[in-house]
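**Q** make a model of this:
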Amino acid sequence: MLRKKSQIVAILLYLVSTLFISCTSFKLTNSGWTVKPDIKSETFTILHKDLGAILTDAHLYIKNGKNLIPLKNWKVSKEDNSLKILASSSSKETTWKIQILKDKVKIECSDEAGLIRGSVAAQEDRIPARMENQDNGIMYTSLGLVSALNIHNLFDIKTDIMIQFPEDARLRRNPEDNRIMDLTMVVANGIEISLIFDYYITRLGLKYYKPKPDRFRTAPTGWCSWYCYYMGTTEKDMIEETDALAKHLKPFGLEYVQLDACYTRGEDANYLEWNKKAFPRGGKWLFQYIKGKGLKPGLWVNIYGSNYAKAECADKYPENYYLRDKNGKLSGACCTADETVVRLDYTNPDVIENHLKPMFRIFKDQWGLEYLKDAGWGTWMDYYEANRSNAYDSTQSSRDVYVKAQKALRETLGDDVFINGCAMHEVGLCFGIFDGSRIGGDDKATWYPEHKRGMSMQTFFNSLFGGNYLNNIVWFSDPDVVMVRNPLTIEEAKTIVTSIALTGQLYMASDFMARLPEKRLKLYQKTMPTTPIVPIDLYPYKIKNNKRNGVVWCCPQLKEYPKAIDLKVNAISGSYDVVALFNWNDRYSTKSINIEELGLNKRNSYLAFDFWDQRLKQITNEQIKVKIPPHGTKVYIIRQLLKRPQLIATSRHITCAVSIKNLEWNSEKAILNGNSEIIEKSPYSIFIHVPEGWKLTNIESDIEYLFHRIKDQILEVKFSGDLTFEGQTSFNWSISFEKNS
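**A** Below you'll find the model as predicted:
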């Protein structure tokens, strides 16, 4: 009898063990989703076939005031297309239901105090995101792996899927691993984790969506000749500007010197043999001169045209290389110096093989081309559509032919030449081929246009804000050039450089650098180079209409500009916000921004440091309010107030992230240690907040420091730019403090 009982117990133990194992590995799968509970660890995981893990290590809790009570003793069952979890605490039992619907997972709890905490994968290609319905008049961008209280979506760049968490969900970077976010969700009456598939393709209408290739980490920083010299540019001008750029801006990150259209004037000049009066030593010589100054040569070329009288790669091209109108006449290619450069017929494959490829092999391999402004504005497609009956092969579509030529160009130039497209009508036609692209029309060094359709910096802002959602997602957006010279006011100039620097878009200046006043030159020095900024706001910002016949079109026009840009930073220099508050009015205006609008926690206090004026504005947990000049900008570095000394800003770059290579607080010795990149002969300041009850005791550094001073609890330490040894690029500094007894 005893033996029989022991056999029964053994069988029961086996059955319980088997049931436990089956429940532990039990999962619910439907519509690409998988929900996997793990009874042993009392957690569950949510996955999707296109995304992998979305939520892992998810625990169940009951919220009791400020306390979270973990729920234990899980019992899992399956009911139709849902999982049922019974879980309890010492005082109550709860029922949880997890249901899979087509594009979402729905979670319900029998107790309104039910709460879930888990981990969310949020690496570099799965980024924090906001959609248009979340717009609050502030444009959000990011530098590094960031988070904020008011951001509860993630966009997966590779798959074009938007992951939506509940509006009151809290996504916060894990302090041990920033590629993971800690998720907290109050379940209450039910929540959903949902997906928007083909977000850019379907929701935003970009049918050609393709993630930006990894050829370049940041957008170029350079100079363009066009808006200074236009068609009158000469070799002498280029030498003068190159010398000035090498001296004044190369140390601050400027790399490229790009000559625009002008050099093909006259029948004897073409893309390889330049106008001898303007460029007596030719293009190859100029490229080598630029490279000799440590800079990278760039060139404007309309690849859809060639000199008819004097071909680039032959004595004369066959007549079927050219595209003619219905009367058999040639036509000038868009935007070239004169009509000696005429449209080519790219439906003829010989044009690619015998003209395009050999010409660009010469540009790259013999001349040293490193940046191409790929011009033409897509007008070749319009002309071909109107005259396709005369083409070599009229069966081909204009879009296919356009892209075929661009693919051949990329193949010829390889991955180390930056190709910047030129607003080719349909946005996205060359995603994956172009590294960057113009997204709007030409601008001009005036704030407002002289007449209704005139050029001005309004064009720049329309393009910059209207196309920011594309930047560093599908390509680097090019809003056209930056200018800071008269008649732009110094306040307008600050707004222009601030806008480009806090969005990370393609930064090409076009001022007379050899003659630019030092005060304006410093605006460039404090905003160059570009940094790998990624947009958070993934929608066209307040565009009136960006589509034609359902197709996203270039040259956006905005209903209004944002009241602020909030660049959220997570870098070696720390986690903080760089906030530009704008005044778009024609008169002085008082502007304000709330801490909560920035997705910051109102329960904390924050330091607001004025970057341009280099002073503490205020310490607040509510609002920043300031009077701003017409068309001006105030830029604040906003950091959470700590009870110890902390770095708040540097004088080097508007992001305050460019120069800091190492930063550590030694709590035992009360020493702030850092390593900063140094620019020769350029003084450099760090700004440290010293709270009440602390005092400075010592300053040490590898290079001479000129002075230190404390005002409004801000310690400025200014270092000389005099290097101690040849080849030095950075220096160590150490600031010691003591807490008053």
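**Q** where does pLDDT dip in this protein?
**A** 1-25 (pLDDT under 70).
**Q** all helices of it, in order?
**A** Along the chain, the segments classed as helices by DSSP state H run 2-24, 226-229, 235-248, 282-292, 349-351, 357-361, 379-387, 398-413, 457-466, 490-501, 518-525.
**Q** counting contacts, what elements does the second one pack onto?
**A** With contacts taken as 3 or more Cβ pairs under 8 Å, 6 or more residues apart in numbering; DSSP states H and E, helix 226-229 sits against helix 235-248. C-beta: built from backbone N, CA, C; applies to glycine.
**Q** what about 10 Å?
**A** On a contact count with 3 or more Cβ pairs under 10 Å, 6 or more residues apart in numbering; DSSP states H and E, helix 226-229 meets helix 235-248, strand 256-259, strand 507-509.
**Q** cool, and the fourth one?
**A** Packing contacts for helix 282-292, counted by 3+ Cβ pairs under 10 Å, 6+ apart, involve helix 235-248, strand 256-259, strand 296-301.
**Q** so what's the spatially closest residue to K627 that is not a sequence neighbour up against?
**A** Once flanking residues are discounted, K627 sits nearest to T590: 5.0 Å by Cβ to Cβ, 6 or more residues apart in numbering. Neighbouring residues of T590 by Cβ atoms under 10 Å, 6 or more residues apart in numbering: N583, K625, V626, K627, I628.
**Q** for the third one, give its distance to W74.
**A** Summarising the geometry, the distance separating V626 from W74, computed by Cβ to Cβ, to the nearest Å, is 54 Å.
**Q** about what we covered before: most surrounded residue in the contacts of T590?
**A** N583 (22 neighbours; other Cβ atoms under 10 Å).
**Q** residues contacting the nearest residue to that residue once chain neighbours are set aside?
**A** Nearest residue to N583 in three dimensions, chain neighbours excluded: I628, at 3.7 Å (Cβ to Cβ, 6+ apart). Contact partners of I628, counting by Cβ under 10 Å, 6+ apart, are E491, T495, L581, F582, N583, W584, N585, Y588, S589, T590, K591, K634.
**Q** who does the fourth one bridge with?
**A** On the basis of DSSP bridges, F582 is bridged to T633.
**Q** which residues touch it?
**A** Shown in contact with F582 (Cβ under 10 Å, 6+ apart): 461, 495, 498-499, 561-565, 589, 591, 628, 631-634.
**Q** can you put the contacts of T590 in a markdown table and add distance to E370?
**A** As requested, the contacts of T590 are exported to a markdown table (distance: Cβ to Cβ, whole Å):
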| residue | distance to E370 |
| --- | --- |
| N583 | 39 |
| K625 | 46 |
| V626 | 42 |
| K627 | 45 |
| I628 | 39 |
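**Q** now the strands for the stretch 1-150 of the chain?
**A** Under the criterion DSSP state E, counting those that start in this stretch, the stretch 1-150 of the chain contains strands at 28-30, 33-38, 43-48, 52-64, 67-70, 72-79, 82-88, 93-100, 104-109, 114-121, 126-129, 138-143.
**Q** let's check: the centremost residue of the protein is which one?
**A** V534 (2.7 Å; Cα atoms, centre = their mean).
**Q** picking that back up, mind putting the helices of the chain into a markdown table with mean neighbour count and distance to T184?
**A** Below are these laid out as a markdown table (neighbours: other Cβ atoms under 10 Å; distance: least, Cβ to Cβ, whole Å):
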| stretch | mean neighbour count | distance to T184 |
| --- | --- | --- |
| helix 2-24 | 10 | 26 |
| helix 226-229 | 20 | 50 |
| helix 235-248 | 18 | 50 |
| helix 282-292 | 18 | 54 |
| helix 349-351 | 17 | 59 |
| helix 357-361 | 18 | 54 |
| helix 379-387 | 18 | 51 |
| helix 398-413 | 18 | 45 |
| helix 457-466 | 24 | 33 |
| helix 490-501 | 23 | 34 |
| helix 518-525 | 17 | 42 |
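**Q** wait, which of those helices is closest to S575?
**A** Ranking those by proximity to S575 (Cβ to Cβ) places helix 490-501 first, at 18.9 Å.
**Q** measure the residue nearest to K627 to N583 for me?
**A** Noted for T590: a distance of 9 Å to N583, by Cβ to Cβ.
**Q** common neighbours of these two, please.
**A** Jointly contacting T590 and N583 under the rule Cβ under 10 Å, 6+ apart are V626, K627, I628.
**Q** the second one against K591, yeah?
**A** Pointing back at K627 there. Yes - with contact taken as Cβ atoms under 10 Å, K627 and K591 are classed as touching, separated by 7.9 Å.
**Q** can you list residues touching both of these two?
**A** Common neighbours of K627 and K591 are listed as N583, K634 (criterion: Cβ under 10 Å, 6+ apart).
**Q** first-to-last residue distance for stretch 130-146?
**A** One end of stretch 130-146 sits 13 Å from the other (Cα to Cα, to the nearest Å).
**Q** now stretch 225-243
**A** Start-to-end, stretch 225-243 (Cα to Cα) is 14 Å.
**Q** same check, this time on stretch 422-441
**A** One end of stretch 422-441 sits 9 Å from the other (Cα to Cα).
**Q** residues of it that come out buried?
**A** By neighbour count on 16 or more other Cβ atoms under 10 Å, the buried set for stretch 422-441 is 422-441.
**Q** also stretch 553-573?
**A** 554-556, 558, 561-571, 573.
**Q** cool, and stretch 128-146?
**A** So for stretch 128-146, counting by 16+ other Cβ under 10 Å, buried means 128-131, 134, 136, 138-146.
**Q** what do you get for stretch 304-317?
**A** Y304, G305, S306, N307, Y308, K310, A311, E312, C313, Y317.
**Q** with stretch 77-95 instead?
**A** Buried-residue list, stretch 77-95, by 16+ other Cβ under 10 Å: S82, L83, I85, A87, S88, S89, T94.
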